[in-house]
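**Q** model the structure of this input:
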Amino acid sequence: MTKEEELDQRYKECIHNIKYYLKQIGIYLDTGQYKKIADVLSELQIEIHQQEKDSICSNRFLNALLMDFKNEAVKKDIRADIFVEAGFKIEFVKEQDLISILGNLLDNAIEAAQKCEKGWVSAAMYMENGGSFSVCRIENTYTGEIRQRGDRMLTTKTQARQHGIGLQNVKRLIREYSGYLHQEYENGIYITTVILPRKGGF
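**A** Residues are numbered from 1 along each chain as shown. Modelled structure (predicted):
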C-alpha cells in the first residue's frame with residue numbers, strides 16, 4: 001500500500017467510525033448517561049485531531065509526499081515548517097514528475113540542513129498572479145562553501161555525479177512544464193524557488 005492509499009484509508013475509517021459514535025451518543029441520550037456522552041465526544045475529538053495533524057493540504061497525493069518529507073526531517077532532528085496556501089493548485093503536474101521535482105529538492109534541503117547545528121527547512125507553496133502561477137519556495141540552512149560556475153551551482157558532495165543527475169532531471173522537468181527554477185544563497189540560507197505556469201508558456 002502506498003503512502004497516498006494509506007492516508008486515504010485512514011481518512012475513510014475516521015468518517016466511517018463517526019456513524020457509530022453518533023449511534024452511541026443516541027443510546028446514551030435515551031438512557032440519560034450524559035457522562036458517557038461526554039466521553040464519546042472526547043474520544044471523537046482526539047481521533048479527528050489526529051487526522052488534522054496528518055493533513056497539510058487537501059491534495060491527497062501532495063499531502064502524502066509532504067508528510068513523508070516532514071517525518072524524514074523529524075527522524076534527522078531537523079525542524080521542518082510547511083505551508084500550503086488554501087487553493088494551491090498542482091494537479092496539472094503528473095504525480096511521478098511531482099515526486100521527482102519536490103522529492104529531489106526537499107531531499108537536498110534536508111541533507112544540507114542536517115550538516116548545520118539546529119538546521120531547519122521551510123517550504124511554502126502558493127499561487128501568484130491571480131492564480132496563473134504555482135510557486136514552491138524552499139529555504140534551508142547550509143554550512144560550508146557553495147561553488148558556482150556561471151548560473152550553475154556545483155555540488156560539494158562526494159557523489160557529485162549522482163547528485164548532478166538528480167538536479168538536472170529536476171531542471172529538465174521544470175522546463176517541460178514551461179516553468180522556472182531559481183536558486184540563491186545568503187547568510188547561511190539557501191533558497192530554491194520553482195514557478196510553474198498553469199496555462200500556456202512561461
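
**Q** what helix or strand is residue 195 located in?
**A** Element membership for residue 195, per DSSP states H and E: strand 189-197.

**Q** can you map out the strands along the chain?
**A** For the chain, the strands defined by DSSP state E occupy 79-84, 120-128, 133-141, 147-149, 152-154, 180-186, 189-197.

**Q** which other residues reach the third one?
**A** This points to strand 133-141. 88-90, 101-102, 105-106, 109-110, 112-113, 116, 118-128, 188-198 (C-beta atoms under 8 Å, 6 or more residues apart in numbering). (C-beta placed from N, C-alpha, C; glycine too.)

**Q** just the buried ones from those, in PyMOL syntax?
**A** Buried residues within those, by 16 or more other C-beta atoms under 10 Å, are selected in PyMOL with:
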select buried, resi 88+90+101+102+105+106+109+110+112+113+119+120+121+122+123+124+125+127+190+192+194+195+196+197+198
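
**Q** so for the strand holding residue 195, mean pLDDT?
**A** Average pLDDT, strand 189-197: 96.

**Q** partners of that strand, with directions?
**A** Neighbouring strands of strand 189-197 in its sheet, by DSSP bridges, are strand 133-141 (antiparallel), strand 180-186 (antiparallel).

**Q** list the buried ones in the last one?
**A** For strand 180-186, a neighbour-count test (16+ other C-beta under 10 Å) marks 181, 183, 185 as buried.

**Q** in TSV: those residues, plus pLDDT.
**A** As requested, the buried residues of strand 180-186 are arranged in TSV below (pLDDT from 0 to 100):
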residue	pLDDT
181	96
183	93
185	90
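
**Q** nearest to residue 168 among the residues you listed?
**A** residue 181 (11.0 Å; C-beta to C-beta).

**Q** run a quick check on the closest one versus residue 194, I expect a contact.
**A** Yes: if you go by C-beta atoms under 8 Å, residue 181 and residue 194 touch, sitting 5.6 Å apart.

**Q** tell me, what's touching those two both at once?
**A** Joint contacts of residue 181 and residue 194 (C-beta under 8 Å, 6+ apart) are residue 174.

**Q** now the angle from the strand holding residue 195 to strand 120-128?
**A** With axes from the mean of the first three to the mean of the last three C-alpha atoms, to 10 degrees defining the directions, strand 189-197 sits at 30 degrees from strand 120-128.
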